[in-house]
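Q: Show me how the following folds:
(2 chains)
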Protein chains: 2
Amino acid sequence: MFAFVPLCHLHTQSRPSSHFHIQKDSQSGYFVGSPTRFYQARLPDRKNQKHGYCLKTRMAVQASEAETRKSYIGYDKQGFLWCEELKVMDILESVGTTPFFLYSKAQLVSNFESYLDATKGMDAIIGYAIKANNNLSLLRILSSQGSGAVLVSGGELMLAEKAGFDLHKTVLNGNGKTMSEISLAVTKGCLINVDSEFDLEHIIQASKQVGKKARILIRINPDIDPQVHPYISTGLANSKFGIRNTHLKWFLDRIKQEQDNLVLVGVHCHLGSTIRQVKIFKDAATIMLDFVSVIRKAGFHDLHYLNIGGGLGIDYERQGDAIPTPGELVASIREKVKEAQLTLIIEPGRSIIGNTGMLVSRVIGVKSNGNKEFIVIDGSMAEVIRPSLYDAFHWIGMITPNSEELSKFDVVGPICESADFLGKDRKLPRPEEGNGMAIMDTGAYCYAMASNYNMRPKPAEILVDGKQWKYIRRRETFEDMMHLCDQ
Amino acid sequence: MFAFVPLCHLHTQSRPSSHFHIQKDSQSGYFVGSPTRFYQARLPDRKNQKHGYCLKTRMAVQASEAETRKSYIGYDKQGFLWCEELKVMDILESVGTTPFFLYSKAQLVSNFESYLDATKGMDAIIGYAIKANNNLSLLRILSSQGSGAVLVSGGELMLAEKAGFDLHKTVLNGNGKTMSEISLAVTKGCLINVDSEFDLEHIIQASKQVGKKARILIRINPDIDPQVHPYISTGLANSKFGIRNTHLKWFLDRIKQEQDNLVLVGVHCHLGSTIRQVKIFKDAATIMLDFVSVIRKAGFHDLHYLNIGGGLGIDYERQGDAIPTPGELVASIREKVKEAQLTLIIEPGRSIIGNTGMLVSRVIGVKSNGNKEFIVIDGSMAEVIRPSLYDAFHWIGMITPNSEELSKFDVVGPICESADFLGKDRKLPRPEEGNGMAIMDTGAYCYAMASNYNMRPKPAEILVDGKQWKYIRRRETFEDMMHLCDQ
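A: Sure, this is the predicted structure:
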């Protein structure tokens, strides 16, 4: 029922409909778009740029992946940005106040279905990582599709329950769970990842308090370098997460002593975020399966979960990088997991929610300081902190047709500090004041990390479903920002 | 009426009272504290570390500054941390839920008084930068002391009015002010810093709409390197802030054309944050005074404000670095400003509020990954993002007496990502679970930048006044976090 629209214009149509599919360029093997739409994809503005300038226009999606990668957000031939069957410009005009986050329901469902397809024919829990985006309406869509959930706090556990997730298909993660969080998880029957010696002791205490066995997995640090930013790499020996694999025996002995309170049902690892190589998951799975053997030989016959974590990257750069699909990821470990008679748990966050959302902003003005030109928009680091926090890249585009002539700009927000930028050295048309701009792929780790810095109200969140849109979180007001104060 | 207690133990007493003063070590010229209290000050854990290991224990405050730098937060001989006349431990036990921010009213008033003293005998507006910390109760203390305010959004303007600031002593700053923010500022009679060509046009439009002259200052980019982190440096030619000084004539001509709508009352510059050298301010003032001459010669006889911005650093590292005092800062430009018959505007944020606050947390547990040891506390990057965002240093200490034996730890929070650290490679005693720890100097840019990442409620804020404490912002609840959602 939804349109199949890549983030380029479609050569066969002037606007998306539910009947069209991406066309392949017979020469290049890539899906092609107009150069004006993909200028940014050819700019070497990343530190770890792999491609440099690429004069041949090429799409983010390779031909071989067309069947698995569907896009419900894209440009038409005229240069209008669409979200499903609505022009983003039309939504902006109706909404009025910018910035706001805009999400595509079809994209969310499609991304989840990629994981469903990937795990077809095997026992698996797809545990959506709520920390990536905790909007209640989006969570309800995922729970209704059969998703499990990965939780990192008591607040997320309460939210998961409210959103209708089957709590037996949820996992409580974290290196610093509090006693009350653990007790709640034991009470509700969540799976719990054991992160350390003290964490195990706390789980034992909670289990005794609640009077119920805790279903635990051991989070083992496999010490594999996922080759991403140090802040989003978590599976290295220097990480704060997981147990030392050399200390496994101590854990097994301790768990055996507490068999009345604990049942060891699995092992867990998590390597990091924005991972782009299947091999990293495959290597981790191999190591983890060795641990499974060791643990089973030690007499733990209830062990039946292999939780391989999350961390699959998405193509933020839109350079045509080959990011593995969920299908490729799971295929690389499927046989081994089945042979070992294990249920796979996978914890995707970004790869389910990241490309479903954009931050829609308006241009306040364009200025030059002589050396540089700046597009000042009303979106900021308060809504999207990833560029300043992780040096992360988000593709930025206009939402309406613009001049073909491009200049280089920093796209910055109105917050009073230099860290407030959304993109640097981007080739863009010179916009008019009031023009709409979209910071793409801001579904994950944007609203979830948003602040009220500079007394900025948190923006509205809006969901598109076909030809309809609705608010799924209203914009904050001044009064909302004050309501915790002693007035 | 308040105790005068440095962040060290006092040799002359076992607990603070209002009768004691810091004692000076006759050998070193520094105020001395017990090594166990100041272990961190001797660790070379900063990238730009200037001191390396310093085996001689020395205080953060040099003898010559004793008269101007008062501290109301400090340790007693036993190793208890005090905030004014209360043990932090006692407050923690009464409050129960951690983490929370704790502020000292006496410290705040004292810091503001340093600026009052510094500007005695000259015309000056001390404009507290609300973006550093916007707690309403703290703002009310400052407004009652006669402080002006520097604003960076419409929300902050509304807040300043609520807090009782004289709005004629406020300045609206920002590179991306919206039309509605400017209109509000013109209506209320705030001073407005012009940041760019488009900003000036917007101010003219707003003035016409409101039917009232806008009182403007031109923000000129002096292109001086303040030698701080690039994110907090704003006075360079590559910065998004301010007008090109080569473009000044265009601005003056345009303002002349609009004399019915605009009155040019001053010039403004702002160099950046955490600045540690008076010379940087002095050089900037010299440059700005040249601009004042040029502008006056061009016939602008209403020009009577020199706004030198803010940015004075504080001694986060507690290494005994000589950070200029407000007195030293103002003394370096006083004569020139008076000669030019100007009113000085100064925009301190951090140096008024930074050292008034601490984040009080509890230890959840201690773990090792073989290579490293971690103290996991219940405070996190959601409350204090400065370490991960700016590589910023906050001194961390226990709130109760502890073993003299020290080990090296990373102090991390419970958030599920590697960016969640408060301090790295800190020498600390090995704490027990539940022990209180304080992240010091978190009055500025901490709560103001806090998020709900991982569904963490924003913490309570508590104010100490002598022997009393009270909530000045209550802790968020799960329901608070959900109230914008479509339920």
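Q: who touches whichever residue of the stretch 351-487 of chain A sits closest to chain B in this structure?
A: Closest approach of the stretch 351-487 of chain A to chain B (Cβ to the nearest Cβ) occurs at residue A:414, with a separation of 2.6 Å. Bear in mind the C-beta positions are built from the backbone N, C-alpha and C, glycine included. With Cβ atoms under 8 Å, 6 or more residues apart in numbering or on different chains as the criterion, the residues that contact residue A:414 are A:364, A:376-378, A:380, A:420, A:454, B:152-153, B:174-178.
Q: Out of these, give me the one that has the most neighbours.
A: Across these, neighbour numbers were computed from other Cβ atoms under 10 Å in any protein chain shown; residue B:177 holds the maximum, 31 neighbours.
Q: quick one, phi/psi of that one?
A: Summarising the backbone geometry of residue B:177 under the convention degrees, to the nearest 10, its torsions are phi -70, psi 140.
Q: how much space is there between it and residue B:219?
A: To residue B:219, residue B:177 is 12 Å away according to Cβ to Cβ, to the nearest Å.
Q: where do the contact lists of these two overlap?
A: residue B:195.
Q: Worst mean pLDDT across the helices and strands of chain A, which element?
A: Least confident helix or strand of chain A, by mean pLDDT, DSSP states H and E, is helix A:278-297 with a mean of 91.
Q: which outside residues touch that helix?
A: Contacts to helix A:278-297, defined as Cβ under 8 Å, 6+ apart, come from residues A:218, A:220, A:222, A:224, A:226-227, A:235, A:245, A:248, A:252, A:264, A:267, A:269, A:271, A:275, A:303, A:306, A:308-309, A:324, A:328-329, A:332-333, A:336-337, A:340, A:342.
Q: at 7 Å what do you get?
A: Residues external to helix A:278-297 that are found in contact with it (Cβ atoms under 7 Å, 6 or more residues apart in numbering or on different chains): A:220, A:222, A:224, A:226, A:248, A:252, A:267, A:269, A:271, A:303, A:306, A:308, A:324, A:328-329, A:332-333, A:336, A:340, A:342.
Q: Report the buried residues of it.
A: Of the residues in helix A:278-297, those scored as buried under the neighbour-count criterion (16 or more other Cβ atoms under 10 Å in any protein chain shown) are A:278, A:280, A:281, A:282, A:284, A:285, A:287, A:288, A:289, A:291, A:292, A:295.
Q: Tell me the helix or strand right after that helix.
A: For helix A:278-297, the succeeding helix or strand toward the C-terminus, using DSSP states H and E, is strand A:305-307.
Q: now for that following strand, which elements pack on it?
A: With contacts defined as 3 or more Cβ pairs under 7 Å, 6 or more residues apart in numbering or on different chains; DSSP states H and E, the packing partners of strand A:305-307 are strand A:262-268, strand A:343-346.
Q: Give me the angle between the helix or strand just after that strand and helix A:278-297.
A: Toward the C-terminal end, the helix or strand that comes next after strand A:305-307 (DSSP H and E) is helix A:326-339. What separates the directions of helix A:326-339 and helix A:278-297 is an angle of 20 degrees, with axes from the mean of the first three to the mean of the last three Cα atoms, to 10 degrees.
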